[in-house]
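Asker: Structure for the following, please:
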Amino acid sequence: MKGNSSILSKATMCLLIIGSLVGAGILALPVQIGIAGLVPALIGLVALGTCMLFSGIVLAREVVDSRDDLFHYPTLFGQYLGKAGKWIAIGANALIFHGLLVAYLAGGAAVITRFFGDSSNVTLALVIFFAVMVSVVLCGKRMVHHSNSLLILMMWVLFALIIVISQKHVDAIRYEAVDWKFFPFSLPVILTAYWFHGIIPNVCRHLEWNLKTTVKVMSVAIGIGTLMYIIWTIAAIGAIPLNNSPNSLVNTFHSSLPATVPLQRILGSRTFAIMASLFALAALMTSYISLALGNIGFHEDLFRHVIKTRRREFIFAISFLPSFFIALFFPNAFLKAVNLVGGVGIAVLYGVLPSIIGIIRYKRDKSVWRIVLSCVVLVIFSALLCWQVLVEFGILRPNI
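Answerer: Residues are numbered from 1 along each chain as shown. Alright, predicted model coming up:
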């Protein structure tokens, strides 16, 4: 029997997904897709956003069918693809969760230290950001959902103010620049920006295993996220020079920094610097909260079936400590981690494998148009994966 979720539950889950979407992804997007140009950026956002929603629906259908509170993707891929698929899922999931947590920790430390103007205290900033985030997550789901909702509302207010203020520095001529050669290099960050799949099991549970409601909530969240991405990208490309400036998109790309950093320097206002820093922190915090929930669920499923333990302290330690120590030793890993996770981990686990599951599932259901759609999405994600593998091995490099 399908559950009837309340409006509050739907709104809470919608905000949780939005927090995952427009968190760190919104900080990284303008830096890379902005270099490709406005038109390629908009095409990439709409196309990959649609593909990621499709793969999310495929996974949500399987989660709802399971109705298992500890169900997560290693179990799912093992059911469809055997032991090989299960271990590919485990490896890719570990890369995604810990890679993104590294990115969020590094980004949080960078925002804090640049706000206070003292880069020597990056370790202290990292430790404080990590301690606050883990404390919130460990306080329980009620605290997590309330904190996430408040952060999202704060982020929306700051987002609106930043857009209004940055419009005074927009130069329309910057919208004419297009670099299709760089366009493929911008796609991994778009995949990362649209990643919310790790919290789908949590969303399905909270919405009482109602697939129709879950799909509606996901669609609304992605629609809102896409609108924010488009507005933010237009504002950032117009306000930040492409190159030939210390605060350019190209220089920010090479420095692996969030887009709020050059905007702060360009506007030169202390008030704007405070708003931009708070916006960036809110974005990173909402992303960390959403990701942490998915990470804990992943390890609970993994340890239940592989290591045969449910000890909470062990699960929490494995969920949080590896990313903390990696970020501690590699504090400038924000964009690099986002690229690696998006182009490889997300492309495999939340693109290629769900498409294969969709083909298998819809063949069984004899749904021809869904089979065709699954095949198209599979080709797109496979091409992105092959491209990023070549990039990671240094065979392909952006010429900027």
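Asker: now residue 39: how far from residue 184?
Answerer: Computed as Cβ to Cβ, to the nearest Å, the residue 39 to residue 184 distance reads 15 Å. In short, each C-beta sits where N, CA and C put it, glycine included.
Asker: Give me the more crowded residue out of those two.
Answerer: Using other Cβ atoms under 10 Å, the more surrounded residue of residue 39 and residue 184 is residue 184, with 20 against 14.
Asker: ok, now which ones touch that one?
Answerer: 384, 387 (Cβ atoms under 8 Å, 6 or more residues apart in numbering).
Asker: distance of it from residue 28?
Answerer: Separation of residue 184 from residue 28 (Cβ to Cβ): 16 Å.
Asker: so where's the stretch 51-200 of the chain shaky on pLDDT?
Answerer: 70, 117-120 (pLDDT under 70).
Asker: Give me the helices and strands touching the longest helix along the chain, please.
Answerer: Ranked by residue count under DSSP state H, the longest helix found in the chain is helix 73-116. Counting contacts by 3 or more Cβ pairs under 8 Å, 6 or more residues apart in numbering; DSSP states H and E, helix 73-116 is packed against helix 24-36, helix 38-66, helix 122-138, helix 260-267, helix 270-302, helix 312-329, helix 334-340, helix 353-365.
Asker: And the ones you listed, which one averages the lowest pLDDT?
Answerer: Of all those, mean pLDDT reaches its minimum on helix 334-340 (a mean of 60).
Asker: Give me the residues contacting the helix or strand just after that one.
Answerer: Downstream of helix 334-340, the first helix or strand assigned by DSSP states H and E is helix 347. Contact with helix 347 is made by 188, 191, 381, 384, 385, 388, as judged by Cβ under 8 Å, 6+ apart.
Asker: what's the closest of these to residue 263?
Answerer: Using Cβ to Cβ, the shortest approach to residue 263 within those belongs to residue 188, at 22.5 Å.
Asker: And that closest one, which helix or strand is it part of?
Answerer: Assigned by DSSP H and E, residue 188 belongs to helix 183-193.
Asker: which parts of that helix are buried?
Answerer: For helix 183-193, the neighbour count (16 or more other Cβ atoms under 10 Å) marks 183, 184, 185, 186, 187, 188, 189, 190, 191, 192, 193 as buried.
Asker: Ok, stretch 148-159 next?
Answerer: By 16+ other Cβ under 10 Å, the buried positions in stretch 148-159 come out as 148, 149, 151, 152, 154, 155, 156, 158, 159.
Asker: tell me the angle the host helix or strand of the first one makes with helix 270-302.
Answerer: Residue 148 belongs to helix 141-166 when assigned by DSSP H and E. With axes from the mean of the first three to the mean of the last three Cα atoms, to 10 degrees as the criterion, the two stretches helix 141-166 and helix 270-302 enclose an angle of 150 degrees.
Asker: Please state the offset of helix 141-166 from the chain centre?
Answerer: Centroid displacement of helix 141-166 relative to its chain, using Cα atoms, centre = their mean, to the nearest Å, is 16 Å.
Asker: Which strands and helices lie in contact with that helix?
Answerer: Short answer (3+ Cβ pairs under 8 Å, 6+ apart): helix 141-166 packs on helix 7-21, helix 122-138, helix 211-239, helix 260-267, helix 270-302.
Asker: hmm, who's touching stretch 260-278?
Answerer: Applying Cβ under 8 Å, 6+ apart, the external contacts of stretch 260-278 come out as 27, 110-112, 114-115, 154, 158, 161-162, 165-166, 169, 236, 239-240, 246-249, 251-252, 279-280.
Asker: what do you get for stretch 145-161?
Answerer: Taking Cβ under 8 Å, 6+ apart as the rule, stretch 145-161 contacts 12, 15-16, 18-19, 22, 136, 228, 232, 275, 278-279, 282-283, 285-286, 289-290.
Asker: Contacts for stretch 240-248, please.
Answerer: 30, 34-35, 171, 174, 177, 249-252, 259, 262-263, 265-266, 400.
Asker: 7 Å instead, please
Answerer: Residues from elsewhere that reach stretch 240-248 (Cβ atoms under 7 Å, 6 or more residues apart in numbering): 34, 35, 174, 177, 249, 250, 251, 262, 263, 265, 266.
Asker: Which one (most neighbours) among those?
Answerer: residue 34 leads the contacts of stretch 240-248 on contacts (other Cβ under 10 Å) with 28 neighbours.
Asker: That residue contacts residue 249, doesn't it?
Answerer: Yes. The pair residue 34 / residue 249 is scored as a contact, 4.8 Å apart, by Cβ atoms under 7 Å.
Asker: what's the neighbour count on residue 200?
Answerer: By other Cβ under 10 Å, the residues close to residue 200 number 25.
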